[in-house]
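# Pasting the sequence and the predicted coordinates here, then a few questions.
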Amino acid sequence: MTHGLTEAQFLNTVASFLGPYYIVLALMNGIAALYLWRSGTAKTWFSIRAGEQTFPFTSAIVWLLLAFVFIVMSPLAWSGHGAWMPSMPEWLREFVNRSTGPVVYSVGTVVLLSILFVFRRFFVNPTVAWVIWNLMLLFLGLSMTDRDFYEIVAKPDNVPIVMLVLLLAYFTWLATYRAVINDDRIARGEAPLEALDNEKILVWPDLVYTELICMIALTAFLIFWAIALPAPLEEPASSVKTPNPSKAPWYFLGLQEMLVYFDPWMAGVVLPSLIVVGLMAIPYIDFNKAGNGYYTINQRKFAYIIFQFGFLVMWITLIVLGTLLRGPNWNFFGPYEYWDAHKVEALDNVNLSQIFWERWLDRPMPTAPSGSPFAVQAGYILLRESLGIILTLGYFIALPPLMALTVFRKYYQRMGLIRFMLMANLMLFMASLPIKMVLRWVFNLKYIIAIPEWFLNF
Amino acid sequence: MMSPRWGLGWRDFNSQLADMPLSDTIRESQIWKSIFRHPMPVDRRNRIVVMLTNFFLHLHPVSIKKQGIALSYTWCMGGVTFFLFLVETVTGVLLMFYYRPTVEWAYTDIQALRDVTSLGLLREIHRWGAHAMVITVWLHMYRVFLTGSYKPPREFNWVVGVILLLLTLLLSFTGYLLPWDQLAVWAITVGSNMARATPVLGHEGPLQQLLSVGGVDMITNASDARFALLGAREVGEETLNRFYILHCIAIPLGVALLLAIHFWRVRKDGGISGPL
């Protein structure tokens, strides 16, 4: 996209984006300050005494000062001179590149989201959330001057992912904010926010006009987006020139990322089907009557955690990983790293059957004598993979009853056999991905069952 | 000001209008009254009646709980998704005027659309609208889950919603191929290669040997699930035609039907959810 541009031309391109970008950030903070000041909800952080007078240093003033900082940054960024443009320091970019990898990224996101969840009472505080929001946008702005970062993030079809991440950050905050308030209210024996002030109002004009305004705003936004960013059109299709990396559309890249850990029949067919089936099954599995029609976490913690693990961790972060951080040959590249097609990563993954026969039993893998009938060959294959087959069958068949008898005893009693088995198996399928990820990272394990003869690798 | 012979000049015409603002004159005209069956609702009674007598408005209830339409509760994402579907339909129909789904013309038609057509924003609006629709439909699902709105009596409408979400992704996926550039063809190749490994029905899928008669494989690369999707062994002319028809006719018809059911069920299941 920026191929063939000199460094100066590239910086000019970025500058024409970053200049207005920082103005938008300044406006955002200015409006926040104005809102806090006008509504009288600004918090006084400390007061400065000057003789008789006290001057309250409020949050409105802090955001106004921040707005001024962004106002100053805007012309610097707009200048297009590398030395003036605010950007990530080189050492930090190097550090990020060198310290990230699939393991750090995946584990890091889980840890980060867990921290956000556990300490949600702290993070939903509007001031804290606003600081984080500013930091996120600042990180994006400072990183844009890096050519490799820009190449990935500003690729036209990747722009929606940046929007998705920002929108999800905002809406997750909003939902959690309301859930925390509701949980407090419920703990005090009060009704949730959604039950307050609930007289019936007429759809005309209240809803009809809201809809009209939404439609106009959305149309304006789409037209603006369409003018600002041309739709991509690459070279004409050629069945000879395979691009590297070849990627599916961005919303399927979580599935493509699963190909690292699963064969196509699992990653591309079975697991996607189970995602759809699992989503449809949610209302029939979730027997909890509480939490219908209002935001809450405490009243439905189990359902909430499972869903967020599936949606935010395994769907969204894998899409971000697959789209932004996977380069040629599906190798991992740091956010500021050049996509070098010659980067070599050692692939010495082994199957469980190899570990079992060759390492633990120290003998060759069972192989059928050549020319033997199908039944004999099948017998040898099943013998070879016996450990993996036993483990897998145990996981899917023996584990659910064990769950029903131990940890999920109460669930089982309330759900009955069929509903519980459905839920247990869906959860086990869902858990199979993180389990395989960990096995790969720790033991370099490729397949638990490896029967390439029948295209059956698991 | 010239006064015509019959003595009714601009001045006279204007003085007739002076009593009444132009907007009222339009609303009092026979044409307006014939289209809109109800006058502009200004009082409570008429605001109720207008919802019942207007075809487009009758999707809504007459009155609604105040919290049920609060933006901080609904995020407006379902409505936004529906509106984007309408935008996609309109821009899509316009794009069909310019676009021929053949290997010979597809790419050049898109090029011409970009370089020659005046107001060439159609494809941009269509493409970004499609991406936005994928995002908003996910956010809608996210909101419905977080408010527990799938719980009884709305279980089945959640199921309809999941199918609609799937169809949205398929709409976007089939449309991705149509520009017929490197991006399109290889994305669809990568995406559809998965179907090769469908258990039993893919020629490189597990258990495909089950479907063999007298030692002859029934599932080959010319008869498996991927072939059914592509209409050929590779992404080619047949695939373009197949995806074009799926994208412009088959899936939108399915979506339209399910949307109708989805909206109808929202009303029948008790309107927008809220605390019981």
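Right, received. Where do you want to start? Numbering: from 1, shown residues only, chains lettered A, B, ... in the order given.

# For A:Ala32, give me its contacts.
Applying C-beta atoms under 8 Å, 6 or more residues apart in numbering or on different chains, one finds that A:Ala32 lies in contact with A:60, A:63, A:130. For glycine as for every other residue, the C-beta is placed from the backbone atoms N, C-alpha and C.

# Kindly apply the preceding question to A:Tyr411 instead.
Contacts for A:Tyr411 (C-beta under 8 Å, 6+ apart) come out as A:404, A:420, A:423.

# Just those residues: which are in helices?
When the contacts of A:Tyr411 are checked against helices (DSSP state H), the matches are A:404, A:420, A:423.

# Tell me the one of those nearest A:Phe307?
Comparing the ones in helices among the contacts of A:Tyr411 against A:Phe307 with C-beta to C-beta places A:Met423 closest, at 12.6 Å.

# so that closest one makes contact with A:Met415?
Yes: the pair A:Met423 and A:Met415 passes the contact test of C-beta atoms under 8 Å, sitting 6.9 Å apart.

# what about those two, which has more around it?
A:Met423 (24 against 20; other C-beta atoms under 10 Å in any protein chain shown).

# What about residue 135, how many residues nearby?
I'll assume chain A. For A:Leu135, the neighbour count with other C-beta under 10 Å is 10.

# actually it's chain B I care about, not the one you picked
Burial of B:Ile135 is recorded as 20 neighbouring residues (other C-beta under 10 Å).

# Hmm, B:His203 and B:Ser212 touching each other?
No: with contacts counted by C-beta under 8 Å, B:Ser212 stays clear of B:His203, the gap being 11.3 Å.

# can you put the contacts of A:Tyr411 in TSV and add distance to A:Leu18?
Output for the contacts of A:Tyr411, formatted as TSV (distance: C-beta to C-beta, whole Å):
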residue	distance to A:Leu18
A:Ala404	57
A:Phe420	54
A:Met423	49
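
# Domain-wise, how is chain A divided?
Chain A breaks down into these structural domains: A:1-82, A:87-231+A:249-344, A:352-457 (assignment by automatic domain parsing).

# What residues does the stretch 301-450 of chain A have near chain B?
Counting by C-beta under 8 Å from any C-beta of the partner chain, the stretch 301-450 of chain A comes close to chain B at A:304, A:307, A:311.

# could you redo the last one with a cut-off of 7 Å?
Residues of the stretch 301-450 of chain A lying near chain B by C-beta under 7 Å from any C-beta of the partner chain: A:307, A:311.

# What is the burial count for the residue of the stretch 301-450 of chain A found nearest chain B?
Of the residues in the stretch 301-450 of chain A, the one nearest chain B is A:Phe307, at a distance of 5.6 Å by C-beta to the nearest C-beta. The burial count assigned to A:Phe307 is 18, neighbours taken as other C-beta under 10 Å.

# for A:Ala60, same thing?
As a burial measure, the neighbour count of A:Ala60 was computed by other C-beta under 10 Å and equals 22.

# Same check on A:Phe122?
Burial of A:Phe122 is recorded as 12 neighbouring residues (other C-beta under 10 Å).

# and if you look at the one 10 residues further on?
In terms of burial, A:Ile132 registers 14 neighbours under the definition other C-beta under 10 Å.

# Quick one: distance of whatever helix or strand it lives in to the chain centre.
With elements taken from DSSP states H and E, the one containing A:Ile132 is helix A:126-143. Between the mean C-alpha location of helix A:126-143 and the chain-wide mean there is a distance of 17 Å, by C-alpha atoms, centre = their mean, to the nearest Å.

# So for the residue most central in space within chain B, what pLDDT did the model give?
Central residue check for chain B by C-alpha atoms, centre = their mean: the C-alpha nearest the mean position is that of B:Phe85, 2.2 Å away. The predicted structure scores B:Phe85 at 97 on the pLDDT scale.
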